[in-house]
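# Would you be able to build a 3D model of this:
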Amino acid sequence: MFLNEQVALGFTGGQARTAYTKNGTPVTKFSMATKTSWKDKDSDEWVEKSQWHNVVGYGPVFAALANRLVKGAYVLVQGEHQTRQYDKTIQVPNGNLMIEHVIKATAVELKANTIKILDRTAREEDIATDEPRDDAAN
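I've put the predicted structure just below:
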């Protein structure tokens, strides 16, 4: 048995953006920050560290939620950790010329299965999931 499940609870770093693949599938992306804190052994003071996550959601349910995923929204994201490689074109100066190079880049993402907005004004519509809902038959 294998399990690749990640749960992150934190704040969005900016407005979510939706783009579309060549076949028309909506892809919604945003960044989110989580924090870890611990007590430093030497200074006996609390230390905080932020960790940034790139979140991606595939499909119309996540695109419909994008306008509510504004900077500072408190969200819970469940999904799988994924890495993918892609070609990235960069420009490198060479004297008076700019030479283009294609390099292999790696994206590290949290591929969302569920996104829930958890602020005080949250509504039922503020939950996006690509999994069947229990109340779907009702």
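
# make it CA atoms for all contacts and neighbour counts henceforth
Fine.

# Let me know the secondary structure of residue 113.
Secondary structure state of residue 113, per DSSP: H, G, I helix; E, B strand; the rest coil, is strand.

# Across the sheet, point out what pairs with residue 32.
residue 12, residue 53 (DSSP bridges).

# so how many other residues sit close to it?
Neighbour count of residue 32, defined by other Cα atoms under 10 Å: 24.

# Show the pLDDT at it.
Note for residue 32: predicted pLDDT of 97.

# That one reaches residue 12, doesn't it?
Yes - if you go by Cα atoms under 8 Å, residue 32 and residue 12 touch, sitting 4.1 Å apart.

# where do the strands sit along this protein?
Counting by DSSP state E, one finds strands in the chain at the ranges 6-12, 17-20, 26-39, 46-58, 74-94, 97-117, 127-129.

# Tabulate those strands (TSV), appending distance to residue 66.
What follows is those, written out as TSV (distance: least, Cα to Cα, whole Å):
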stretch	distance to residue 66
strand 6-12	11
strand 17-20	7
strand 26-39	7
strand 46-58	10
strand 74-94	12
strand 97-117	10
strand 127-129	10
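
# which one of those is the most hemmed in?
strand 127-129 (a mean of 21; mean count of other Cα atoms under 10 Å).

# now that strand: mean pLDDT?
Strand 127-129 carries an average pLDDT of 70.

# Stretch 92-107 now?
In this model, stretch 92-107 has a mean pLDDT of 93.

# For this protein, give me the ranges with low pLDDT.
120-128, 131-138 (pLDDT under 70).

# centroid residue for this protein?
Geometric centre of the chain, nearest residue: residue 55, 1.0 Å, by Cα atoms, centre = their mean.

# Might one say that that residue is in contact with residue 113?
No - contact between residue 55 and residue 113 fails when scored by Cα under 8 Å: they sit 10.4 Å apart.

# Distance of the residue nearest to the centre of the chain relative to residue 43?
Distance of residue 55 to residue 43, computed by Cα to Cα, to the nearest Å: 35 Å.
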